[in-house]
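Asker: fold the following, please.
(2 chains)
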Amino acid sequence: MTNDIAKKLLIVDDSKVSRMLVRAQIVAVHPEWTILDACSGEESIALVEKGPPDYCIMDINMPGILGTDAAEKILEKYPSIRMVILSANIQETYQSRANALGAAFVAKPVSEKSIALALNHFQCPK
Amino acid sequence: MNLLSEMQRDALAEVFNIGAGRAALSISEIVGDEVKLSVPSIEVKKSVEIGVETLPLNNERFGTVHQNFTGPFEATAMLLFSEEKALEIVRDMMGSQMSLEELVEFEQEAMCELGNIILNACLSAMADILGISLNSTLPCYTIASCTELLHTITSSMDQDYVLVLNIVFTSVKRESEGQLILLLSSASLTNLIRHIDHFLGGI
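Answerer: Next up is the predicted model:
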């Protein structure tokens, strides 16, 4: 894990536009953070194995495995990662699954407000 | 046809993904079941190039809800279900104890309501994200053969382009596949692309 200042964030979303929007909102608040991105659940798991991030923002609806399944695998091995599920699929089932994993659920679209909710979760003690 | 760049296509797909997510919440509450969504795919074609291969729903007859949207661009939005799936959805909405005769009686109204929810969720998401305002007509439901549907699409003389969005809505109870088609004139497509570029430029 990195020190308090230079946190590492992993953004996982199959939409490049979505990844760009999240990155832009995060950089506006935390320009010092290192930001990595992945376009699928499988790629995110591989990236985490190379060096776990402090925080992760994960979409659900992606080609390959669901983001919630990827989050579960990641959190099993690296439970200290603060995880936010950021998805357009706002059904209760998916929100409950995120909460059961110990992740926070934040509804898309990506906005200053939704990213503020994600950042709040990152700052909460586990 | 490469009328859209990769980024424009990505942005549109994400916009519709958000719309479909909103629609899925409403549908899951209506049919009382979890609804899974596929990753949306987007294709732009000239309306004269539309053929049976554009309609991945492999059916002879469709239940079709359509609505016209007006604003910075004008579009006709069509939502397609296979005819038998449409009746199954109505059964889920109205209660499984209903007879077939009763289901058929409610089909028109129920499918209009479902189409209204899905089409407005998708178009509203687009309007919100692109910072525009769109008005819609009342939904209209028809049962049409594949040939009749293709004729409707290709005979829209003032709508040269067809934006085909494919999202599969899958309920845990039964697979219900829906396809969304937007018919756009060339002027409207240009306006839509201009708004997408403006949105992308703001990132």
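Asker: what about the strand or helix carrying B:L87, near chain A?
Answerer: Using DSSP states H and E, B:L87 sits within helix B:83-94. No. Using C-beta under 8 Å from any C-beta of the partner chain, helix B:83-94 stays clear of chain A, with a minimum separation of 15.3 Å. Bear in mind the C-beta positions are built from the backbone N, C-alpha and C, glycine included.
Asker: buried sites along stretch B:37-53?
Answerer: B:L37, B:V39, B:P40, B:I42, B:V44, B:K45, B:S47, B:I50 (16 or more other C-beta atoms under 10 Å in any protein chain shown).
Asker: need the residues that contact it.
Answerer: Stretch B:37-53 is contacted from outside by A:14, A:61-63, A:89, B:1, B:3-4, B:9, B:12-13, B:16-17, B:20-21, B:24, B:54, B:146, B:150, B:153-154, B:156, B:159-170, B:183, B:189, using C-beta atoms under 8 Å, 6 or more residues apart in numbering or on different chains.
Asker: before we move on, what about stretch A:88-107?
Answerer: With C-beta under 8 Å, 6+ apart, stretch A:88-107 has contacts from A:58, A:60-61, A:68, A:71-72, A:75, A:79, A:83-87, A:108-109, A:114, A:117-118, A:121, A:126, B:17-22, B:24-25, B:28, B:34-35, B:37.
Asker: mind listing what's buried along that stretch?
Answerer: Buried positions in stretch A:88-107, judged by neighbour count with 16+ other C-beta under 10 Å: A:88-91, A:94-95, A:97-98, A:101, A:103-107.
Asker: equivalent analysis for stretch A:27-46, please.
Answerer: So, applying 16+ other C-beta under 10 Å, buried residues of stretch A:27-46: A:30, A:33, A:35-45.
Asker: can you show me the strands along the chain?
Answerer: Assuming you mean chain A. Per DSSP state E, chain A carries strands over the ranges A:8-12, A:34-38, A:55-58, A:82-87, A:104-107.
Asker: looking at chain B here, not the other one
Answerer: Under DSSP E, chain B gives strands at B:35-37, B:41-46, B:61-70, B:75-82, B:135-136, B:140-145, B:161-171, B:175-184.
Asker: other SSEs contacting the longest one?
Answerer: Strand B:161-171 makes packing contacts with helix B:6-31, strand B:35-37, strand B:41-46, strand B:175-184, helix B:186-201 when contacts are defined by 3 or more C-beta pairs under 8 Å, 6 or more residues apart in numbering or on different chains; DSSP states H and E.
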